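K.L.:
Would you be able to build a 3D model of this:
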Amino acid sequence: MPRADFVTDNSGTSRGLAWIQTRDLRIYSCYNSRNDTDSNFAAFLADLERSVRFADPHCSIIIGGNLNAWSQEWGSVRNDARAEQLADLTASLLSPSRNWRYAYLHTDDHHHRLDFFPPHIDRRHT
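P.N.:
A predicted model of the protein is given here:
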């Protein structure tokens, strides 16, 4: 019988996000309502950035969720300020030395998904 070796070592929550961590992987699940204020969105991004920066530097990070940020860069029909803020955060977190990869997916329900993942994560399982 197959056995999974996934034991949660730590977890946390903050405004619009929850995360769990195992030995060498931290996974974030995020949500921000499109009806939320710009200041709340900025505070959410600041909380996310703080959490990622304080994570174990040897830990791989996966961030997923629905942030209701639109950009033509990832297939939206228009750009908005949230997408610019998200792009700035992404650029600051994804240093070239970490060699992250990027993937784009347009889902059947017309949502756009951006994935950023380290090279050792098998993309077929995300």
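K.L.:
Could you list the low-confidence segments of the protein?
P.N.:
1-5, 95-126 (pLDDT under 70).
K.L.:
for it, what spans make up the strands?
P.N.:
Using DSSP state E, the strands of the chain run over residues 10-14, 17-21, 25-31, 60-66, 101-106, 112-117.
K.L.:
Spatially central, which residue of the protein would that be?
P.N.:
By Cα atoms, centre = their mean, the chain has its centre lying nearest to Ile63, at 2.4 Å.
K.L.:
Which residues does that one form beta bridges with?
P.N.:
Tyr28 (DSSP bridges).
K.L.:
How much space separates it from Cys30?
P.N.:
7 Å (Cβ to Cβ, to the nearest Å). To be clear about C-beta, it is placed using only N, CA and C from the backbone, and glycine gets the same treatment.
K.L.:
residues shared between the contacts of those two?
P.N.:
Here Ile63 and Cys30 share the contacting residues Leu48, scored by Cβ atoms under 8 Å, 6 or more residues apart in numbering.
K.L.:
List the contacts of the nearest residue to Ser71 once chain neighbours are set aside.
P.N.:
Distance criterion Cβ to Cβ, 6 or more residues apart in numbering; nearest residue to Ser71, sequence neighbours excluded, is Ala83 at 3.5 Å. By Cβ under 8 Å, 6+ apart, Ala83 lies in contact with 69-71, 73-74, 76.
K.L.:
gap between Ala83 and Ser33?
P.N.:
16 Å.
K.L.:
Please report phi then psi for Ala69.
P.N.:
phi -120, psi 130 (degrees, to the nearest 10).
K.L.:
May I ask you to confirm that it is in contact with Asp80?
P.N.:
Yes. Taking Cβ atoms under 8 Å as the definition, Ala69 is a contact partner of Asp80 at 6.5 Å.
K.L.:
If you count residues, where's the longest helix of the chain?
P.N.:
helix 38-53 (DSSP state H).
K.L.:
in that one, what counts as buried?
P.N.:
41, 44-45, 47-48, 51-52 (16 or more other Cβ atoms under 10 Å).
K.L.:
relative to strand 25-31, how tilted is that helix?
P.N.:
Interaxial angle, helix 38-53 versus strand 25-31 (axes from the mean of the first three to the mean of the last three Cα atoms, to 10 degrees): 170 degrees.
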